[in-house]
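Peer 1: Next input, structure requested:
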Amino acid sequence: MTAQPLEVDLNRVVLPRNIRAIREALTPEEVEVFTEEIESAQAYDLSQLLEKWWMHAVINLSPGAWDEIAAARKGTLRTVPIEEVLPELRGAW
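Peer 2: Numbering: from 1, shown residues only. As a prediction, the model looks like this:
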């Protein structure tokens, strides 16, 4: 049996899902809001709150991600026909 090489995506952001890592990825203004939300949250809300801020932190660390989100909201995001992504679907409909 041989080991298969792993494909590594160098653009993929790896960020631990903990308060310290999230806080370090936020702007000072975001840290204030994050801290207030975490400190005010009920225990049963913490998991969902951390997930929300973790996603925000990952976007902060992903070059161009906020620009892509803004373009999507404006309806100007570059799109690609599904047939280019999955050629086997060409002519399926």
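
Peer 1: what's in contact with the lengthiest helix in the chain?
Peer 2: Taking DSSP state H as the assignment, the helix of the chain that covers the most residues is helix 46-61. Contact partners of helix 46-61, identified using CB atoms under 8 Å, 6 or more residues apart in numbering, comprise 13, 15, 17, 19, 21-22, 25-27, 30, 34, 37-38, 41, 65-66, 69. C-beta: built from backbone N, CA, C; applies to glycine.

Peer 1: Weed out the non-buried ones from those.
Peer 2: Burial of those was assessed by neighbour count (16 or more other CB atoms under 10 Å); the buried members are 15, 22, 25, 26, 30, 34, 38.

Peer 1: Who are the packing partners of whichever strand or helix holds residue 67?
Peer 2: Residue 67 belongs to helix 65-74 when elements are defined using DSSP states H and E. In terms of contact count using 3 or more CB pairs under 8 Å, 6 or more residues apart in numbering; DSSP states H and E, helix 65-74 is assigned the packing partners helix 46-61.

Peer 1: mind listing what's buried in the helix it packs on?
Peer 2: For helix 46-61, the buried set under the neighbour-count rule, 16+ other CB under 10 Å, comprises 50, 53, 54, 57, 58, 60.
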